[in-house]
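*Asks:* sequence and predicted model, in that order:
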There are 2 protein chains.
Amino acid sequence: MSHHKSDAAGADKEFLSTFARGLDVIRSFDTDTPSMTLSAVAEKNNLSRASARRFLLTLQKLGYVSQDDKKFGLTAKVLELGYSYLASLDFSETVTPIMEEVSYQLGESCSALVLDGVDIVYVARIPRRGLIPMNLQIGARLPAYATSGGRVLMASLQSPELEDVMEKTQFEQLTAYTKGPEALRTELSKIRSDGYAIVDQELELGMRALAVPVFDRRGTARFALNSSSHVSSVSMEHIVSEYVPIMQHAARKLTEVLP
Amino acid sequence: MSHHKSDAAGADKEFLSTFARGLDVIRSFDTDTPSMTLSAVAEKNNLSRASARRFLLTLQKLGYVSQDDKKFGLTAKVLELGYSYLASLDFSETVTPIMEEVSYQLGESCSALVLDGVDIVYVARIPRRGLIPMNLQIGARLPAYATSGGRVLMASLQSPELEDVMEKTQFEQLTAYTKGPEALRTELSKIRSDGYAIVDQELELGMRALAVPVFDRRGTARFALNSSSHVSSVSMEHIVSEYVPIMQHAARKLTEVLP
DNA sequence: CAGCAACCGTTCGATAATCGGACAGTTGTT
DNA sequence: AACAACTGTCCGATTATCGAACGGTTGCTG
């Protein structure tokens, strides 16, 4: 049915390379190189200086980069790009208040996260006052297989998608407790029947995390709610008996308000 | 010296229109239209269907959009674009802990924000437990002229840049207290000598905000620290005598750790 | 189940957008 | 003054990109 595209060359008629390269230019700014000269941008992206300049001037004209004495740097406007995504989720009115209530009842941080490939991505977060266990901002990523949120979302995938994630996942023994692929499969079916996931020090020693899936009215998992706490502060039993009902109650309420 | 570019046509030799259009496609997803059919994307961006399809396929191949039954939607991966900017700021190690301390000492939320055009943009935020006055996430924008953070940043601009901001600002009477252009100029020079700005119910009734500028070692303002509170909870005198010293102390500490 | 409406997918010649090498200009350093 | 390390600009060559047109698919309706 479908033409065999020339896999070797990869020159795809439907792929806008100028656009793709431009996105790479944006992403080439990072912590190590927050600002770069035109030449540095060219080199980092395998572009000619003339091309790099065109990308930078385009971004500058659009307000996404600014120039400070030969050095180019991103402006806060690039946040608007990521913001398109957050806006399309539309959490601020409906979801955040419920998360705040959960956070208050638990006395712990509470996050919302989605699956993107083999990672989970934090899309909303209510931090706990005082010690913040890890610095997880919106947009931060963690491997799905070793996180409670990742597991509830994996558990609600259909078979082909799940296989795809399992296959692409790089299983690493992050702590002495981290489960491998086989143990994870067993765990996933347990999660399916329980309706929640607990990850006990598999991602990081001393940290326990709980997550529940949040479904929309059609029954598809839209995101996960998660809360993590120190081993010293809460026992596993307490999580199961106290935290799980609160989280599941919130998840059911969320189902009603989701479009 | 410089060619007179054909101002009428606007066809700029150094402007990569494919790239610019692609960025617009990303931004065309919003709260009202979180997912769109190919045709809808085409129409919203004034593209032919064939073009819209090329943009969407490119974004899909890069993982920024996903397709669900003829409807396209952004994925969490677009957050990585905005993340490039946050990474280039590199706040997580150095700035956030100091902000947390401020938030703890004040018992109020504490935010970091930068100036982008006539707006301020939130780039880091430590929320206060309990009532969150407004839902200000990272990336959120407010008009600079009516916010304490905006004012300290405007106050530290050089004359031509300041004039530019003043000129482009749409002054609106947001509350009965909101200052106009003339009063703002007076206020700015007061801010310059005081080293802080207080905005008393000018943005929203019942809200008072305090901000201080944070300079790097070369003396350029990099961002502002801000904290806002309810009128009922704290008096103006208390802000000046208690909050200001804490904020200014944090700002000085930040100066030392900034690159 | 034919006919229609509203979509999406694909092709291909035309065209304009993009490329990059070469040269010129600028700045700061020794 | 010579040099290094940049950025700015030009223009012919090259393709990437465009869009109209046609073909499919799906779902609805009488």
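*Replies:* Cool, got the structure.

*Asks:* could you use CA atoms for every contact and neighbour count after this?
*Replies:* Noted.

*Asks:* quick one: contacts for A:A112?
*Replies:* Going by CA atoms under 8 Å, 6 or more residues apart in numbering or on different chains, A:A112 touches A:122-125, A:223-226.

*Asks:* the strands in chain A, which residues?
*Replies:* A:35-37, A:65-68, A:71-74, A:110-116, A:119-126, A:141-143, A:197-200, A:207-215, A:221-230 (DSSP state E).

*Asks:* so what touches the longest one?
*Replies:* This points to strand A:221-230. By CA under 8 Å, 6+ apart, strand A:221-230 touches A:108-115, A:133, A:148-150, A:152-153, A:156, A:206-216, A:247, A:251.

*Asks:* now the angle from it to strand A:119-126?
*Replies:* With axes from the mean of the first three to the mean of the last three CA atoms, to 10 degrees applied, the angle from strand A:221-230 to strand A:119-126 works out at 70 degrees.

*Asks:* pull the CA coordinates from strand A:221-230 and hand them back as PDB.
*Replies:* Extracted in PDB, the C-alpha atoms of strand A:221-230 (Å, rounded to 0.1, in the frame of the first residue of the first chain):
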ATOM      1  CA  ALA A 221      -5.900   7.500  31.300                       C
ATOM      2  CA  ARG A 222      -5.100  11.200  30.900                       C
ATOM      3  CA  PHE A 223      -2.400  11.600  33.500                       C
ATOM      4  CA  ALA A 224      -1.300  10.400  36.900                       C
ATOM      5  CA  LEU A 225      -1.400  12.000  40.400                       C
ATOM      6  CA  ASN A 226       1.600  11.300  42.500                       C
ATOM      7  CA  SER A 227       3.000  12.000  45.900                       C
ATOM      8  CA  SER A 228       6.300  11.100  47.300                       C
ATOM      9  CA  SER A 229       7.600  11.000  50.800                       C
ATOM     10  CA  HIS A 230      10.600  10.100  52.900                       C
END
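
*Asks:* re earlier: give me the buried entries from the contacts of strand A:221-230.
*Replies:* Using 16 or more other CA atoms under 10 Å in any protein chain shown as the burial test, those include A:108-115, A:148-150, A:152-153, A:156, A:207-216, A:247, A:251 as buried.

*Asks:* returning to that earlier point: export the strands of chain A to JSON lines and tack on distance to B:G22 and mean pLDDT?
*Replies:* Shown next, in JSON lines, are these (distance: least, CA to CA, whole Å; pLDDT from 0 to 100):
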{"stretch": "strand A:35-37", "distance to B:G22": "23", "mean pLDDT": "90"}
{"stretch": "strand A:65-68", "distance to B:G22": "16", "mean pLDDT": "88"}
{"stretch": "strand A:71-74", "distance to B:G22": "18", "mean pLDDT": "91"}
{"stretch": "strand A:110-116", "distance to B:G22": "21", "mean pLDDT": "95"}
{"stretch": "strand A:119-126", "distance to B:G22": "23", "mean pLDDT": "90"}
{"stretch": "strand A:141-143", "distance to B:G22": "25", "mean pLDDT": "94"}
{"stretch": "strand A:197-200", "distance to B:G22": "39", "mean pLDDT": "97"}
{"stretch": "strand A:207-215", "distance to B:G22": "32", "mean pLDDT": "96"}
{"stretch": "strand A:221-230", "distance to B:G22": "27", "mean pLDDT": "94"}
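
*Asks:* would you format these as CSV with distance to B:F55 included?
*Replies:* Shown next, in CSV, are the strands of chain A (distance: least, CA to CA, whole Å):
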stretch, distance to B:F55
strand A:35-37, 28
strand A:65-68, 22
strand A:71-74, 23
strand A:110-116, 20
strand A:119-126, 24
strand A:141-143, 26
strand A:197-200, 38
strand A:207-215, 30
strand A:221-230, 25
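
*Asks:* which one of the contacts of A:A112 sits closest to DNA strand C?
*Replies:* Nearest to DNA strand C, judged by CA to the nearest atom of the strand, of those is A:F223 at 25.1 Å.

*Asks:* which one (most neighbours) among the contacts of A:A112?
*Replies:* A:N226 (30 neighbours; other CA atoms under 10 Å in any protein chain shown).
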